[in-house]
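Participant: Sequence first, predicted model second:
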Amino acid sequence: MNDTNNQYNNQITVFELDKLDIRGRALRVGDLVQDIISAHDYPDYINRCIAELVVLSSLFSSLFKFEGIFSLQIQTDGAVKMLACDVTSMGGVRACASYEGEDTPDTLFGKGYMVFTVDQGADKERYQGIVDLKNDSLIDSVQHYFNQSEQIPTGLKLFIDQNKDKQWQASAMLLQRMPGHGESMQEKNKPRVEKDSETQIADWQHAMVMMSSLTDEEMFDNTLEMNDVLIRLFHDQEGVRVYEPVQLKKHCRCTSDKLLSVLRSLSDDEKDDLIEDGAVEVRCDYCGENYTFTVSDITNQG
Ligand SMILES: [Zn+2]
């Protein structure tokens, strides 16, 4: 990895369009998505789902203020059985899938649902949302959640592709009309000029048109700072305010202790099925890390 060519990669950028009362997120996750995909041996239609899920989970998680783990999961009765991704408040991301069939199916999901959870530890309340999958599309499902459940107009544009070296790259932008006019977290105390709803709608449509003009070239270009993309896109007239980007990295929370406690909780028959040549080999579904235990490791209850 060449860091000088990679300094604007794997980052999520938080921004606001002050004059339009819109908040936004922009992200570019080339190596991160490729690293996560490389740990598995999924067919390409699943790799694309993983890339989409990583992008959507990263964007979604950054809309919350939390200390802990954000997770996004889908369960379906279609070819893609399950997709899961989680993002920690430190920017650690992991993802995995289960599916049926190596060939790209006509319908990915069929009937199913998407659930997201913000888990801040045992002493704090969990926050959870659930939505039916829409139009066989993860993006549509997330958008549907914001528009219907939260009643926050939300626009999303995703860029997902493989480059000429067959490396997956992903990038995205999200725009949201600020919940409650003029209630920007950072700008709470600033006096605001009330806008009529016609102006608000026109502002929103204007921002959406701007976002739709983004190109693959600028969104995938690791040498181009997202700050510059945003300023180029929204100029000064929309009052774009860009905050320090948050770095994302591949990170799995599996440990041999966690796996051991799962293995020890199995029935004797289940344990017997796993033992081969006096050892138990387990592979983490998320990161592909292999763990080897002895028979006495998994029978020892201490
Ligand atoms: Zn792992």
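Facilitator: It's in.
Participant: use CA for all of it now, contacts and neighbours both
Facilitator: Noted.
Participant: How much space separates residue 51 from residue 154?
Facilitator: According to Cα to Cα, to the nearest Å, residue 51 and residue 154 sit 20 Å apart.
Participant: my bad, should have said residue 209
Facilitator: Distance of residue 209 to residue 154, computed by Cα to Cα: 13 Å.
Participant: Compare the two (neighbour count), which wins?
Facilitator: Set residue 209 next to residue 154 and count neighbours by other Cα atoms under 10 Å: residue 154 wins out with 22 against 11.
Participant: I'd like to know the beta-bridge partner residues of the more buried one.
Facilitator: With DSSP bridges applied, residue 154 shows beta-bridge pairing to residue 176.
Participant: My understanding was that it contacts residue 145; is that so?
Facilitator: No: using Cα atoms under 8 Å as the test, residue 154 is too far from residue 145 to be in contact (9.4 Å).
Participant: Okay, now the sheet partners of the helix or strand harbouring residue 131, with direction.
Facilitator: Using DSSP states H and E, residue 131 maps to strand 127-132. Sheet pairing of strand 127-132 (DSSP bridges) gives strand 112-119 (antiparallel).
Participant: which SS class is the spatially closest residue to residue 156 that is not a sequence neighbour?
Facilitator: Using Cα to Cα, 6 or more residues apart in numbering and skipping residues adjacent in sequence, the residue nearest residue 156 is residue 174, 4.6 Å away. Recorded secondary structure, residue 174: strand (DSSP: H, G, I helix; E, B strand; the rest coil).
Participant: 312 is where my numbering starts, stick with that
Facilitator: Taking 312 as the first residue, the last one we looked at is residue 485.
Participant: Residue 373 versus residue 485, what's the distance?
Facilitator: From residue 485 over to residue 373 the distance is 11 Å, taken as Cα to Cα.
Participant: now swap in residue 462 and tell me
Facilitator: 18 Å.
Participant: Between the two, which is the more surrounded one?
Facilitator: Neighbour tally, residue 462 and residue 373, criterion other Cα under 10 Å: the higher count belongs to residue 373, 20 against 12.
Participant: Now do the same contact list for that one.
Facilitator: Counting by Cα atoms under 8 Å, 6 or more residues apart in numbering, residue 373 makes contact with residue 336.
Participant: isn't there a strand covering residue 584?
Facilitator: No: read with three-state DSSP, residue 584 is helix and lies in no strand.
Participant: mind checking pLDDT for the closest residue to residue 415 other than its chain neighbours?
Facilitator: Once flanking residues are discounted, residue 415 sits nearest to residue 356: 5.7 Å by Cα to Cα, 6+ apart. pLDDT, residue 356: 97.
Participant: Next: the one 3 residues further on.
Facilitator: At residue 359 the predicted local confidence, pLDDT, stands at 97.
Participant: Sounds good, over and out.
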